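**Q** Requesting a structural model of the entry that follows:
(chains A and B)
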Amino acid sequence: MELVEQTHKSTLWEKLSVERIKMELLRTAFGHSLTFLSKFDPRILIGWYSFFAIAPWFIHDKTVLIGMLLAIAILTYTSKPSVLVLIVLAFGLVTDTAYMLIVSLAFGGGLSAAWALSTLTLKLLVIALASIAVFSSIDPEKLSDALLSLGMPAQFSFGVAYGYRMLPILIEEYNNLLYSFRLRGRAPLRKGFLGYRSLIHIGKISILAFYPLILNTAKRTRTTVEALEVKGFTYAIKDPKVKRIKLAYLKILPRDYVFIAVSALYVALLFWMGSIINL
Amino acid sequence: MNAGSMKKRWELTSQQKLMIFILSMSLYGISNMITELIPELKIGPIELKVEYFIFIPLLFAILFNPLYAALGACVGEIIFGELLLGQFGGLGELEKFIEFSLAIFIAGMLVTNPSNRRQLAIAAYVAIGIDQLLGTIVDIGKVYFGIEEFEAVPGLPESILAIEGFAFLNAMVISGTLFALLPTLYLVPRLYGKVEPLLGMKPRDGRASTSIGDFVTPRLLIVGILLFAVAGAAEFMAESDINFIDWESDFIAGMGDGAIWISMGVAAVIFITTLLWALNKKSNKRKGEAA
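**A** Just a heads-up that it's a prediction; the model follows:
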């Protein structure tokens, strides 16, 4: 009876996680994203993101950070992020904050420590939401070409696009391997203290399943690279002419400048507000 | 492979390097997504969690080329484990990138013979040890040198030290043994000679081994220290009290309220200049194409 219950529970967990991730990834990799942010040039978006990924670290003013958070939260909402990603983010933030709070209370820091740490949480939230908003809006193809035009090596930018496309397939394969390991293997009869036996069992299977996965992925990678070489990938990509033709469709339009200008104005406004209101 | 290339260890073609990069990137990316989703187990202040499946890049570093395996793993982590899941930490990631790739690279270089179990065990612990130790040093240093705000709060430095100490021990014992040592010892001998033909390569030859002294050259050490300094500096800059707002408000108090508008004006001028420059560049390019 115990055994049946345990296996049922873990399948439910996998349905919740693996299936959902797969679907979300498929959507990101193959779906045409028609969100507000996807209308802009990917290079502009990467530049915009890099500002919001780095600047919050240097800002200690809570007014500015809260203002940034509001704007980015709205943009994240328009880019229709997956619920799963948001849950993971929320879970991580809540546990991190709670943990720091408990430890600083235990060492006698009190609530003032928690207040000092809330700035850090705000910063992390701004950065995390900005990355979700931007990277769930850019198509993998566009992202890869933007990286190429920003001067990244061609191997790198190809790897990014390839990885985006391959990841759902690889996750499905890993999931199937886990199932077949569990079908052929035997779950521990007794769970042990706090279920440590079944934990060890699951851990062992999840590592062992990488063995066939590595072999299969190696085969697949070779096929891909050979197909690329038939097209003369490594030679063609070194040629600036090929690169220019490949990237010709990336154009920075007036609306991109408007987007940047509006963002810059908004940030300036926040700094002005920050100098008036002190939190 | 001829005799000349044997001397230089394996001479890999650029296609093979691309294969190693992609393999390491996609597999480590997957494992990273999995570890991000595994819940942590907390017993009091001790936190038991699966840090990462470090054995995956380690396998490729040992079996193939350490450099491309390390770079691929870092890229995979950043893209699939962080950007896609919204866990990207900005500048702090630079530090992690350098620490992790350095750890994998050095561990991969240490192994001269993949069927020697002692070397594999040493490499597994060296990889996780370098990565975790550098991370812990930077984290503790951040609290002690960087953030004055933390010093003012009683109890926080001690608690950070305790958290970091526990995290380090946890990583070495749990991740080091369960997710670096055992998988490496199990998988490397099984994959050695089997996965290389699938990539169209010759297995790494045990006889073509070279002494460790050949790889741990002064240049490698200097580059390593330099990279680490850059990463540490980035972290300190991000976390420390180079408080632009405080500085700015002092400045404003001295100069009057107009100062902020002056600085905004400067920013606007820079922005417009960049815009004009970009447009100019574009029109030049068009002319070039037409000619």
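
**Q** Only C-alpha atoms from now on, for both contacts and neighbour counts.
**A** Will do.

**Q** ok, residue A:219 touching residue B:200?
**A** No - with the criterion set as C-alpha atoms under 8 Å, residue A:219 and residue B:200 do not qualify as a contacting pair; they are 9.4 Å apart.

**Q** Residue A:34 in helix, strand or coil?
**A** Classification of residue A:34 by DSSP: H, G, I helix; E, B strand; the rest coil places it in coil.

**Q** That one: what's it in contact with?
**A** Taking C-alpha atoms under 8 Å, 6 or more residues apart in numbering or on different chains as the criterion, residue A:34 is in contact with residue A:137.

**Q** neighbour-wise, which of residue A:219 and residue B:200 wins?
**A** Under the criterion of other C-alpha atoms under 10 Å in any protein chain shown, the comparison of residue A:219 against residue B:200 puts residue A:219 first, with 19 against 13.

**Q** pretty sure that one belongs to a helix, no?
**A** Yes - using three-state DSSP, the assignment for residue A:219 is a helix.

**Q** Residue A:193: neighbouring residues, count only.
**A** The burial metric for residue A:193, expressed as a neighbour count using other C-alpha under 10 Å, is 8.

**Q** tell me the contacts of it?
**A** Residues counted as contacts of residue A:193 (C-alpha under 8 Å, 6+ apart): none.

**Q** Quick check on residue A:190: phi, psi?
**A** Backbone dihedrals for residue A:190, given as degrees, to the nearest 10, come out at phi -110, psi 140.

**Q** for the closest residue to it other than its chain neighbours, what are its contacts?
**A** For residue A:190, the nearest residue in space outside its immediate sequence neighbours is residue A:197; the separation is 7.2 Å by C-alpha to C-alpha, 6 or more residues apart in numbering or on different chains. Contacts were defined as C-alpha under 8 Å, 6+ apart; by that measure residue A:197 touches A:188, A:190, A:191.

**Q** What separation do you get for the second one and residue B:109?
**A** Going back to what we said before, that points to residue A:190. Applying C-alpha to C-alpha, to the nearest Å, the value for residue A:190 to residue B:109 is 43 Å.

**Q** More neighbours: these two, which one.
**A** Relative neighbour count places residue B:109 above the other of residue A:190 and residue B:109, with 21 against 12, counting by other C-alpha under 10 Å.

**Q** which helices and strands does the host helix or strand of that one pack with?
**A** Per DSSP states H and E, residue B:109 falls inside helix B:92-110. Applying 3 or more C-alpha pairs under 8 Å, 6 or more residues apart in numbering or on different chains; DSSP states H and E, we find helix B:92-110 packed against helix B:55-63, helix B:66-76, helix B:117-141, helix B:218-239.

**Q** buried stuff in stretch A:252-261?
**A** A:252, A:256, A:259, A:260 (16 or more other C-alpha atoms under 10 Å in any protein chain shown).

**Q** Residue A:60 - that's part of a strand, no?
**A** No - according to three-state DSSP, residue A:60 belongs to no strand; its state is coil.

**Q** pLDDT at it, what is it?
**A** The pLDDT attached to residue A:60 in the predicted structure is 74.

**Q** Can you give me the domain boundaries for the chain?
**A** Unless you meant another one, I'm taking chain A. According to the domain assignment given by automatic domain parsing, chain A is divided into the following structural domains: A:33-138+A:252-279, A:140-248.

**Q** That was the other one, I meant chain B.
**A** With domains defined by the TED database, chain B comprises B:14-248, B:255-290.

**Q** Least confident of those domains, on average?
**A** Ranked by mean pLDDT, those end with domain B:255-290 at the bottom, a mean of 55.

**Q** most tightly surrounded among the domains of chain A?
**A** Here the criterion is mean neighbour count by mean count of other C-alpha atoms under 10 Å in any protein chain shown, and of the domains of chain A the winner is domain A:33-138+A:252-279, at a mean of 18.

**Q** Chain A: helices as residue ranges?
**A** Chain-ordered helices for chain A, with DSSP state H as the definition, fall at A:2-14, A:20-30, A:42-58, A:62-78, A:83-106, A:111-135, A:140-149, A:154-184, A:196-208, A:210-230, A:233-236, A:240-246, A:254-276.

**Q** Lowest mean pLDDT across those, which one is that?
**A** Across those, helix A:2-14 gives the lowest mean pLDDT, at a mean of 47.

**Q** before we move on, the earlier item: a markdown table please, covering the helices and strands packed on helix B:92-110 and showing distance to residue A:139.
**A** Converted to a markdown table, the helices and strands packed on helix B:92-110 look like this (distance: least, C-alpha to C-alpha, whole Å):
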| stretch | distance to residue A:139 |
| --- | --- |
| helix B:55-63 | 27 |
| helix B:66-76 | 17 |
| helix B:117-141 | 33 |
| helix B:218-239 | 30 |
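
**Q** Out of those helices, which is closest to residue A:150?
**A** Taking C-alpha to C-alpha as the criterion, helix B:66-76 is the member of the helices and strands packed on helix B:92-110 that comes nearest to residue A:150, at 16.4 Å.

**Q** quick check: angle from the closest one to helix A:154-184?
**A** 80 degrees (axes from the mean of the first three to the mean of the last three C-alpha atoms, to 10 degrees).

**Q** tell me what helix B:66-76 is packed against?
**A** helix B:14-37, helix B:55-63, helix B:92-110.

**Q** Is it correct that residue B:18 is in contact with residue A:155?
**A** Yes - the pair residue B:18 / residue A:155 is scored as a contact, 6.5 Å apart, by C-alpha under 8 Å.

**Q** Tell me which residues touch residue 181, please.
**A** Looking at chain A here, since you left the chain open. A:205, A:209.

**Q** oops, I was thinking of chain B
**A** Neighbours of residue B:181 in contact, by C-alpha under 8 Å, 6+ apart: B:55, B:120, B:121, B:124, B:125.

**Q** Would you mind writing the CA trace of the helix or strand harbouring residue B:167 as CSV?
**A** Assignment of secondary structure by DSSP H and E places residue B:167 within helix B:156-170. What follows is the C-alpha trace of helix B:156-170 in CSV, where atoms were taken according to Å, rounded to 0.1, in the frame of the first residue of the first chain:
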residue,chain,number,x,y,z
LEU,B,156,24.3,40.2,10.8
PRO,B,157,28.0,39.6,10.0
GLU,B,158,28.0,36.6,12.4
SER,B,159,24.9,35.2,10.8
ILE,B,160,26.3,35.6,7.3
LEU,B,161,29.5,33.9,8.4
ALA,B,162,27.5,31.0,9.8
ILE,B,163,25.3,30.7,6.7
GLU,B,164,28.3,30.7,4.4
GLY,B,165,30.1,28.2,6.5
PHE,B,166,27.2,25.9,6.6
ALA,B,167,26.6,26.3,2.9
PHE,B,168,30.3,25.5,2.1
LEU,B,169,30.3,22.4,4.3
ASN,B,170,26.9,21.3,2.9
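
**Q** Helix or strand next in line after that helix, which one?
**A** Tracing the chain past helix B:156-170, the next element assigned as helix or strand by DSSP H and E is helix B:182-191.
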